[in-house]
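fold the following for me, if possible:
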Amino acid sequence: MEEIKEEGFFFKIFDKILDYVISLKENKTHLYLWIIVLIGLILRIIAMINISWDGDSPHYMIHAINFTKSGLLTSWNQSAGLWYFLTSIMYSIFGFSYITARILTLFVSTLTIIAIFLFTKEFFKNEKAALISAMFFAFYSGSIKMTIAFMHAMVLLLLIMGMYYLLKAERTNKNRYYLIAFLYFGVSQMLKAYTVLFCPGIVLFMIGNKIIIEKKDYREVIKDKLLWKRIFLFGVIMILSFSPIAIYNYLLYKYNGHADMQFTRMFGLYNEKADRLFSWDPGYHQSFNPLKLFWKGNYANTPDIITLISYFFALAPFITILFFFSLIYSIKNIQKNPLIKKYLLYWVLVLLFPMFYLISVLTLPKQIIFFPAFFIPLISYSLFKDIRITRKKFIGLLIIFLFFCLFALSITYRVHENFYYKKPNIQLFDVGKNIQENSLVIQDPRIYGGYVLLSFFKAPIITPYEFQEIMNLNQNLSDQIWIDLYFIRKIEDKESSLELENYFNVLENQTEVVKIIYDKDLEVHYLENENISKGTMKYTLKDPVQFNLGYWKFYNPFISHPKEIPVYKIHKTQISFSKSLLDYLKTNRYFLLHPVGYNTQINHEFYYDPIYTPDKILNKFAFFIMYLGIILFFILTFNSLAELIRTNNY
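Numbering: from 1, shown residues only. This next block holds a predicted model:
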């Protein structure tokens, strides 16, 4: 008799996926969920293409180039390096671009729709509320706008899935679910150091849930050895996940005399060298001050709690309003419904302190993006748990949610991104990606260097001041070739006119070449001689006019004025330039304390080479944990999708 071969691993996976897809015919909830996921994905793809970047995103993206070969474990200001390794891997697969840098954010943000469905279902044991939660998050304008190159979207997915498995572990009392939950929390800490702020609250929730919700005697809980073993395991995993950054900063301080900025700030390692490196950054001397929550905060002496609420309305206006209604309902029913009581306990113990800490230390919208996401389960359960979802009602809800989402995407607060069109910074990238390898770029000093470097990455970028010195060097070199010269300038406006006037007062003392490149009338001319050919106006990049009300801005293409204002002008010419000098400029580029592309010939302040054997062993251990974190990130991320299939009851 012929022996039947056992099915292979991948065949089994394919078989399970096929069975799940067939089951969607009967499982309407999961079918509706996938429709929601698809719409959420489309909205995030549009955002990924259109949304501009803030001041931080360019240096995140630039510092990630060749990061896997840099010998570093983090950048100068993060104290967490996993994102840089992941993005560097993406660059090596798909090539360098702002789209590539956003692929993982798109992927994890879309998967978070599934994660919040699982979390809500596990917490409230209500599939209708879970489906409504997925719908809320799919249309959560803050999440959609944050489909950019940053860490917080990844942290959100891992935190939600970590809490999901922690709840599942509490329900089933199975150690493997505790382990998976702790791994989610540990990997999230490798993405963003502030995840450590959630750890005390998670431990308190594990204890408080047994005492307050399960009504166990506190003396019995204190004597529960299994509970303390699990808490110990949680501590070990969090310490291991933190070890790469701790080791890196220990060795960096030992060999270079300073730590990274966040490590310096958190542990008070201030010295002359650290001050020289970091004192220009506004976050360097920031510390947690509870008084700023209610008196003279980070912005214009406005209490930080007011700024926090403003951010909530900017990121999720309708979710924030509904949360206040659901909070009132929940407080009224806290004694009647233990699930509501448990969720409010979770909010107070796990989320409240990190939220107040982050808004007090550094008031940025992206820092608090995940808090409105945790409004959603309570809203869905308290206000929508009894809704009967028919096909017609589901379509109606989709239309309503989409309408409010598109309106919310029209609003910005203290930030400059817009969902509906490519802002000039994105247009700048579209121009820069097509330039020739042999090119040189002159940048208007009023434009943030990160925008230009990100867009014209192929070419060396200099200022008009540097151009004169470089041209003097160029005259003495014989290996001349014709190269493209681009000049990018900011169009004069009321805000920059004084800065422009001061800038040209300096230029008055420069030589004729610089004044011809960049003159007072904001018109560019070029010398017609053997070194510089006649220049042409190449591009004018424009920005639609937005309705402004203080820090608030509004733009919607369906109702806003179609007028556009020019922001950047790009001029192009050709010059005779030394090939060796151009190659030197390409390979010796710095941006915000790091060499661009981490050329091995460049020594910099954040690289060390361990000399002693114990230091070498420590360094190798740190990289081992980081590489393990990379593998775990992909396993745990895909596991959120696998968990949905595993929980299918059809």
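
helix or strand for the spatially closest residue to Phe370 that is not a sequence neighbour, which one?
Spatial nearest neighbour of Phe370, excluding adjacent residues (Cβ to Cβ, 6 or more residues apart in numbering): Leu156 at 4.1 Å. (Each C-beta comes from the backbone N, C-alpha and C, glycine too.) Using DSSP states H and E, the element containing Leu156 is helix 152-172.

quick check: mean pLDDT of stretch 227-243?
Averaged across stretch 227-243, pLDDT comes to 96.

and what of stretch 364-384?
86.

what's the answer for stretch 248-267, then?
Per-residue pLDDT over stretch 248-267 has a mean of 92.

measure the residue nearest the centre of the chain to Trp53 for me?
Residue closest to the average C-alpha location in the chain (Cα atoms, centre = their mean): Phe150, at 1.8 Å. Phe150 sits 9 Å away from Trp53, going by Cβ to Cβ, to the nearest Å.

do the same with Glu605
To Trp53, Glu605 is 25 Å away according to Cβ to Cβ.

ranges for the strands of the stretch 1-150 of the chain?
Applying DSSP state E, counting those that start in this stretch to the stretch 1-150 of the chain gives no strands.

so where's the stretch 251-400 of the chain shaky on pLDDT?
The model of the stretch 251-400 of the chain has pLDDT under 70 over residues 298-300, 362-363.

walking through the stretch 551-650 of the chain, point out its helices one by one.
Ranges of helices within the stretch 551-650 of the chain are 579-587, 613-646, based on DSSP state H, counting those that start in this stretch.

need the contact partners of stretch 89-105.
Contact with stretch 89-105 is made by 48-49, 53, 57, 60-61, 64-66, 68, 86-87, 146-150, 153-154, 426, 429, 433, 454, 457, 630, as judged by Cβ atoms under 8 Å, 6 or more residues apart in numbering.

repeat the analysis, applying 6 Å as the threshold.
Here stretch 89-105 makes contact (Cβ atoms under 6 Å, 6 or more residues apart in numbering) with Met48, Met61, Leu86, Thr87, Thr147, Ile148, Ala149, Ala153, Phe429.

repeat that for stretch 579-590.
Applying Cβ under 6 Å, 6+ apart, the set of residues contacting stretch 579-590 is Pro460, Asn474, Leu477, Asp479, Ile481, Val596, Asn599.

now the second one. Nearest residue, chain neighbours left out?
If I follow you right, that is Asn474. Ser578 (5.2 Å).

report the beta-bridge partners for that neighbour.
Gln480 (DSSP bridges).

and it, how far from Ile462?
For Ser578, the distance to Ile462 - Cβ to Cβ - is 14 Å.

what of Ile247?
38 Å.

more neighbours: which of those two?
Neighbour count, other Cβ atoms under 10 Å: between Ile247 and Ile462, Ile247 has more, with 20 against 16.

make sure that one is indeed in a helix.
Yes - when DSSP: H, G, I helix; E, B strand; the rest coil is applied, Ile247 is found to be in a helix.

how about the closest residue to it other than its chain neighbours, what does it touch?
Leaving aside its sequence neighbours, Ile247 sits nearest to Ala622 (Cβ to Cβ, 6+ apart; 4.0 Å). Ala622 sits next to Leu73, Pro244, Ile247, Tyr248 when contact means Cβ under 6 Å, 6+ apart.

quick check, nearest of those to Ser79?
Ser79 has its nearest neighbour among the contacts of Ala622 in Tyr248, at 8.9 Å by Cβ to Cβ.

I'd assumed Gly71 was in contact with the closest one.
No - taking contacts as Cβ atoms under 6 Å, Tyr248 lies outside contact range of Gly71: 10.2 Å.

more neighbours: the two, which one.
Tyr248 (25 against 14).

please report the distance of Asp444 from His571.
For Asp444, the distance to His571 - Cβ to Cβ - is 11 Å.

worst-scoring helix or strand of the chain, pLDDT-wise?
Least confident helix or strand of the chain, by mean pLDDT, DSSP states H and E, is helix 497-507 with a mean of 39.

follow-up on the earlier one: now the helices of the stretch 551-650 of the chain in CSV, with distance to Phe374 and mean pLDDT?
Below are these laid out as CSV (distance: least, Cβ to Cβ, whole Å; pLDDT from 0 to 100):
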stretch, distance to Phe374, mean pLDDT
helix 579-587, 46, 89
helix 613-646, 17, 95
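
so which of the ones you listed gets nearest Val567?
Across those, closest to Val567 is helix 579-587 (Cβ to Cβ), at 26.6 Å.

coming back round to it: quick one, phi psi at the residue nearest to the centre of the chain?
When read as degrees, to the nearest 10, the backbone of Phe150 gives phi -160, psi 170.
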